[in-house]
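Visitor: The following comprises the amino acid sequence and a computationally predicted model.
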Amino acid sequence: MKRLLASITLALLVAATHGQTIPPVSGEPYPGTMTLHIDVSDLDRKIFRAVQTVPVRPGPLVLFYPRWLPGTHSPSANVGQLAGLQVQGNGQRIEWKRDTLDAHAFHLDVPAGVEALRLEFQFVSPLDSSHGRITATPDILGLQWNNVVLYPAGHAAARVEVQASVVLPAGWQLGSALDVATREGDTVRFKPVSVETLVDSPIFAGRHYRQLDLDPGAREAGRAPVRLHIVADQANHLAATSEQIAAHRALVTQADRLFGSRHFAHYDFLLALSENFGGIGLEHHQSSENGVKSNYFTEWNKSVVGRDLLAHEYVHSWNGKFRRPADLTTPNFNVPMQDSLLWVYEGQTQFWGKVLAARSGLMSAEHARDDLAATAAWLDARAGRSWRNLQDTTNEPLLNRRWHRDWPSWQRGADYYDEASLVWIEADMLIREASRGRRSLDDFARAFFGVEPGRVTPLTYTFDDLVGELNRVHAHDWAAFLRQRLDSHQRGAPLQGLERGGWRLAWSDKPSEFYKLIEARRKMADFSYSLGFSVANEGHKITSVTWGSPAFDAGLAPNTTLLAVNGRSYKAEWLKDVITEAKASGAPIELLVKSGDLYRTLRVSYRGGLRYPKLERIDGAPDRLSELLAPR
């Protein structure tokens with residue numbers, strides 16, 4: 001906290017020397033209620049039009065466009081997509097000036113006699129996926145309020161009230177955690193909320209819409225309701241079988257049994273089934289944004305990869321939104337956040353998301369194990385662990401949010417999701433083993449995240465708070481346990497938890513059905529664990545090369561095109577045959593590749609055969625992993 005205050009003070013001093021003082025945050029409520037009217041009906045041009053009123057007093061005023069977004073843990077908002085900003089007071093134009101140090105801050109002077117400002121501007125939604133995530137299609141749109149709101153600097157976002165309304169395309173329906181006050185035609189007016197709650201309550205709307213109750217009888221039983229709002233490219237994609245609906249309802253039941261209480265007034269899953277709307281998984285306290293392919297229900301067996309998405313985002317209502325790391329908790333969206341505990345915020349959420357997906361039946365236990373095998377394998381190949389530890393990857397949102405990494409196995413990325421989830425598996429198995437099955441990480445979840453039933457207001461925590469609760473569940477040197485795994489530069493991934501659970505990472509010369517679905521979803525053939533690269537199905541571009549692999553040692557790099565293998569045109573099945581033959585013959589494998597206008601032949605020395613990850617049972621070891629994944 002001292003570091004945060006010091007950085008804010010320094011920024012204010014620098015701004016002051018340039019004559020652009022931004023007021024410090026006050027705990028006082030902002031006087032009056034803003035109004036915000038958004039028209040999202042322009043589907044042809046995908047332009048969201050905003051009209052906003054801001055109660056004001058005469059004198060200097062700074063308006064913020066949200067910059068630091070909680071779900072991304074970074075300054076990821078793009079103020080460049082705000083356009084056409086004009087400000088009026090009493091019908092007269094008031095000039096604004098953008099801060100030269102903070103492009104998300106707008107300075108203006110409110111003339112005497114002006115009690116409210118009228119703001120008009122647009123959010124120009126991306127028209128092409130290369131320009132950003134697609135948020136509007138002819139059939140679906142997503143409205144994130146941080147894209148279409150300005151708010152007064154010097155105030156906590158929770159202390160500024162706003163009454164919002166939206167104009168939808170004709171006949172469309174919407175889902176949101178916001179409470180509707182009125183609907184007249186296609187204009188929906190919401191009840192007043194704080195700016196903090198507004199930004200945390202996005203909208204999914206669509207031509208084809210369906211709502212499912214995931215906890216029938218919740219209100220009558222005194223529980224907070226949980227709803228699933230579905231929008232789709234086509235009406236037939238909304239069809240869900242009774243078994244599929246039962247699995248989603250079981251997710252709610254299993255989360256209740258895990259955490260013991262709900263920390264929301266109601267919860268609204270927003271789910272888009274589309275080939276055109278941008279994919280997303282983003283948490284909010286009382287809702288989540290989830291974008292998947294259109295076959296989510298209609299081809300259930302083919303859509304299993306990533307089916308833990310809704311479980312992951314739902315867990316965030318407890319882990320990240322209710323229980324929130326102290327250094328990620330800021331008074332508004334323009335104060336910097338610090339990400340040091342993302343290995344809990346995201347890593348333990350990743351762990352519980354996979355577990356709840358299995359416990360609810362969204363994924364079978366076999367698929368859950370195959371998913372773990374795939375995760376363990378690519379993490380075990382992370383050569384970059386030798387220079388960049390797990391703790392440092394929590395800085396990834398600040399380092400590299402928008403840029404592709406050419407050498408992810410060396411540079412590393414947001415490994416605080418999956419590598420940390422392996423650490424939490426180990427913690428769970430350690431507790432189970434030491435307590436002879438009487439205790440597990442479930443007990444920690446109920447005590448840590450289920451505390452103060454019914455409370456919605458966030459409750460912050462620190463590393464010491466986390467360690468303290470773990471010790472109350474099971475006495476152990478948890479501080480040393482966690483720090484060793486966070487700060488280590490050991491070569492391999494932390495696989496001890498799987499082994500304590502009775503399973504080990506192993507290899508097969510044939511991919512599992514689940515792994516085939518991973519390849520199909522990524523539209524590539526994967527040779528990462530044999531030669532050390534993957535190839536796109538279309539165009540045959542090398543999409544990744546593992547650092548230190550045989551292909552890497554031969555000089556192969558990503559973004560080259562694979563033309564031929566051993567003198568024959570590349571086909572995935574042909575390369576598989578060549579790899580199998582080389583295991584016996586020992587002959588180098590020749591790859592003809594093209595980069596720009598340069599052709600090269602690379603000779604790869606490899607005799608290990610085809611390798612695809614799987615988990616195999618350890619003879620005689622208790623099967624604690626199956627206990628973890630079993631429904632409660």
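Guide: Yep, it's here. Numbering: from 1, shown residues only.
Visitor: So for residue 632, what's the nearest residue that isn't a sequence neighbour?
Guide: Closest residue to residue 632 apart from its sequence neighbours, by Cβ to Cβ, 6 or more residues apart in numbering: residue 257 at 4.3 Å. Backbone N, C-alpha and C define where each C-beta goes, glycine included.
Visitor: Tally up the residues packed near that neighbour, please.
Guide: 14 (other Cβ atoms under 10 Å).
Visitor: Thought residue 450 was touching it, still the case?
Guide: No: counting by Cβ atoms under 8 Å, residue 450 is not a contact partner of residue 257; they are 10.4 Å apart.
Visitor: what separates the closest residue to residue 155 other than its chain neighbours from residue 160, distance-wise?
Guide: Spatial nearest neighbour of residue 155, excluding adjacent residues (Cβ to Cβ, 6+ apart): residue 30 at 4.7 Å. Residue 30 is 4 Å from residue 160, where distance means Cβ to Cβ, to the nearest Å.
Visitor: Overlap in contacts, the two.
Guide: residue 152 (Cβ atoms under 8 Å, 6 or more residues apart in numbering).
Visitor: quick one: the strands in the stretch 1-150 of the chain?
Guide: 33-42, 47-55, 59-64, 82-89, 92-93, 97-98, 105-110, 116-124, 140-143 (DSSP state E, counting those that start in this stretch).
Visitor: So which elements touch the second one?
Guide: Secondary-structure packing of strand 47-55 (3 or more Cβ pairs under 8 Å, 6 or more residues apart in numbering; DSSP states H and E): strand 33-42, strand 116-124.
Visitor: who does the shortest one pair up with?
Guide: When pairs are called by DSSP bridges, strand 116-124 turns out to pair with strand 47-55 (antiparallel), strand 82-89 (antiparallel).
Visitor: Tell me which of those lies nearest to residue 613.
Guide: strand 47-55 (43.9 Å; Cβ to Cβ).
Visitor: Give the buried residues for that closest one.
Guide: For strand 47-55, burial by neighbour count (16 or more other Cβ atoms under 10 Å) applies to 47, 48, 49, 50, 52, 53, 54.
Visitor: where's the first one relative to residue 141, distance?
Guide: Counting by Cβ to Cβ, the gap from residue 47 to residue 141 is 11 Å.
Visitor: Ok, the second one next?
Guide: Using Cβ to Cβ, one obtains 9 Å as the distance from residue 48 to residue 141.
Visitor: Give the intersection of the neighbour lists for these two.
Guide: residue 40.
Visitor: which residues in the stretch 51-200 of the chain form helices?
Guide: 195-199 (DSSP state H, counting those that start in this stretch).
Visitor: which stretches of it aren't confidently modelled?
Guide: For the stretch 51-200 of the chain, no stretch has pLDDT under 70.
Visitor: rerun that using 90 as the cut-off
Guide: By pLDDT under 90, the weakly predicted segments of the stretch 51-200 of the chain are 129-132.
Visitor: do you know how far residue 296 is from residue 304?
Guide: Taking Cβ to Cβ, one finds residue 296 at 10 Å from residue 304.
Visitor: correction: residue 26
Guide: For residue 26, the distance to residue 304 - Cβ to Cβ - is 50 Å.
Visitor: of these two, who's got more company?
Guide: Of the pair residue 26 and residue 304, residue 304 is the one with more neighbours under other Cβ under 10 Å, namely 22 against 12.
Visitor: OK, contacts around that one?
Guide: Counted by Cβ under 8 Å, 6+ apart, residue 304 has contacts 363, 367, 514, 517.
Visitor: any idea what the residue nearest to the last one when sequence neighbours are not counted is structurally, helix, strand or coil?
Guide: Same thing as residue 517. Nearest residue to residue 517, sequence neighbours excluded (Cβ to Cβ, 6+ apart): residue 305, at 4.8 Å. Put simply, residue 305 is coil when judged by DSSP: H, G, I helix; E, B strand; the rest coil.
Visitor: I figured residue 305 hits residue 514, correct?
Guide: Yes: between residue 305 and residue 514 there is a contact under Cβ under 8 Å: 7.0 Å.
Visitor: So for those two, which residues contact both of them?
Guide: residue 371.
Visitor: what residues does stretch 502-513 touch?
Guide: 369-370, 373, 376-377, 380, 495, 498, 519, 526, 529, 580, 609-618, 621-626.
Visitor: Could you give me the buried positions within that stretch?
Guide: Buried-residue list, stretch 502-513, by 16+ other Cβ under 10 Å: 502, 503, 504, 505, 507, 511, 512.
Visitor: follow-up on the earlier one: same list (the buried residues of strand 47-55) but as TSV, adding distance to residue 446.
Guide: Shown next, in TSV, are these (distance: Cβ to Cβ, whole Å):
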residue	distance to residue 446
47	47
48	42
49	47
50	43
52	43
53	46
54	44
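Visitor: any chance of the helices and strands packed on strand 47-55 in CSV, plus mean neighbour count and distance to residue 150?
Guide: Listed next are those as CSV, based on neighbours: other Cβ atoms under 10 Å; distance: least, Cβ to Cβ, whole Å:
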stretch, mean neighbour count, distance to residue 150
strand 33-42, 20, 9
strand 116-124, 19, 6
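Visitor: okay if I get the ones you listed as JSON lines plus distance to residue 172?
Guide: Shown next, in JSON lines, are the helices and strands packed on strand 47-55 (distance: least, Cβ to Cβ, whole Å):
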{"stretch": "strand 33-42", "distance to residue 172": "9"}
{"stretch": "strand 116-124", "distance to residue 172": "18"}
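Visitor: Show me the shaky parts of the stretch 251-400 of the chain.
Guide: Judged by pLDDT under 90, the stretches of the stretch 251-400 of the chain that qualify are 400.
Visitor: need the strands for it, in chain order.
Guide: In the stretch 251-400 of the chain, the strands defined using DSSP E, counting those that start in this stretch lie at 267-273, 280-283, 287-292, 323-325.
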